[in-house]
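Enquirer: fold the following for me, if possible:
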Amino acid sequence: MHTPGRSRTLALLLCIPVWGTYAASAQGEDTTLSRFVVNDAFGVGEYLEFSVGYGFVKAGSATMQVREITQERGRPAFLIRTTATSNSFFDSFYPVRDTMLSHLDAIGFFSWRYEKHMREGDYRRDQVVDFHQDKGFAVDGADTVEIPIYAQDVLSALYYVRTQKLEIGQSLKVPNMTDRKNYDLEVRVLGRETIVTPAGEFTCLKVEPLLQAAGIFKHEGRITVWMTDDRLHLPVLMKSKIVVGAVHAELTGYRLGELWEE
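Expert: This is a model prediction of the structure:
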């Protein structure tokens with residue numbers, strides 16, 4: 001039986017792609033899917049590895065990987081995969097093995113498909129969402145939900161934002177559908193800082209996604225992401241305050257991918 005409490009906190013620590021949890025419906029649908037997004041940020045083969053902790057306690061590790069180019073409805077798409085794994089200490093009483101997959105359109109940069117497979121202690125959950133972008137709806141299990149054009153899932157939102165021009169003092173909004181709801185995700189660029197991680201020292205932009213509803217990280221908490229201040233916009237550090245304290249994930253190693261050209 002899956003119960004909330006301290007053990008559940010571990011799973012929260014290991015949920016790296018947190019900021020796509022909320023976003024908003026767009027006005028005036030364009031079902032031609034004609035958008036073209038220039039991507040100088042990432043490509044197939046990119047691999048990011050993080051250490052995830054709570055305070056001074058290391059809880060486990062997480063990875064983010066751009067695995068390959070697939071075909072979705074006749075269009076090329078990036079297959080993005082993340083994993084979250086508890087370390088040996090937590091494995092002894094609450095093992096975590098979570099996986100998320102996103103099929104991100106490689107031309108217009110929106111989601112075609114999202115999968116979440118959670119293995120946390122005795123808890124099991126599998127979710128698959130198919131985005132029918134050209135028809136304006138998504139299918140999540142037995143439910144059909146209307147979506148705005150170019151809607152993102154929780155994982156594709158991060159990769160879309162990485163392709164965008166980020167300027168201090170400005171913000172951008174990203175349409176997203178999560179848990180059968182459409183929200184408006186506003187991403188603010190707060191400033192520039194130097195961040196030191198096990199993977200190296202980076203000049204970063206400090207970014208804050210503004211959440212508008214309760215989710216994995218509660219509305220009263222703040223999520224902050226430090227992304228490199230260059231064309232890559234690599235996420236190198238992520239912090240969030242939750243009910244029971246503060247969570248952080250820092251980059252421990254990375255491998256860059258090759259930019260894809262149509």
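
Enquirer: so which bits of the helix or strand where S51 lies are buried?
Expert: For S51, the host element (DSSP states H and E) is strand 47-54. Buried residues in strand 47-54, counted by 16 or more other Cβ atoms under 10 Å: L48, E49, F50, S51, V52, G53, Y54. In this view, the C-beta of every residue, glycine as well, is placed from N, C-alpha and C.

Enquirer: among those residues, which has the minimum pLDDT value?
Expert: Lowest in pLDDT among the buried residues of strand 47-54 is Y54, which has 81.

Enquirer: who does that residue form a beta bridge with?
Expert: Beta-bridge partners for Y54, by DSSP bridges, are V57, V247.

Enquirer: in the stretch 101-250 of the chain, where is pLDDT below threshold?
Expert: Residues of the stretch 101-250 of the chain meeting the criterion pLDDT under 70: 211-221, 242-245.

Enquirer: residue ranges of the strands in it, please?
Expert: Secondary structure of the stretch 101-250 of the chain by DSSP state E, counting those that start in this stretch: the strands cover 111-120, 123-132, 137-140, 143-146, 171-178, 181-197, 200-210, 223-228, 235-242, 245-255.

Enquirer: how about these in TSV, adding distance to G43 and mean neighbour count?
Expert: Listed next are those as TSV, based on distance: least, Cβ to Cβ, whole Å; neighbours: other Cβ atoms under 10 Å:
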stretch	distance to G43	mean neighbour count
strand 111-120	18	21
strand 123-132	22	16
strand 137-140	26	17
strand 143-146	31	13
strand 171-178	21	21
strand 181-197	22	16
strand 200-210	19	17
strand 223-228	16	21
strand 235-242	16	21
strand 245-255	11	18
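
Enquirer: which of the ones you listed sits closest to N87?
Expert: Ranking the strands of the stretch 101-250 of the chain by proximity to N87 (Cβ to Cβ) places strand 245-255 first, at 12.8 Å.

Enquirer: any idea of the angle the closest one forms with strand 235-242?
Expert: Here the directions of strand 245-255 and strand 235-242 differ by 170 degrees (axes from the mean of the first three to the mean of the last three Cα atoms, to 10 degrees).

Enquirer: gap between strand 245-255 and the chain center?
Expert: For strand 245-255, the separation from the chain centroid amounts to 14 Å (computed by Cα atoms, centre = their mean, to the nearest Å).

Enquirer: ditto for stretch 48-67
Expert: 13 Å.
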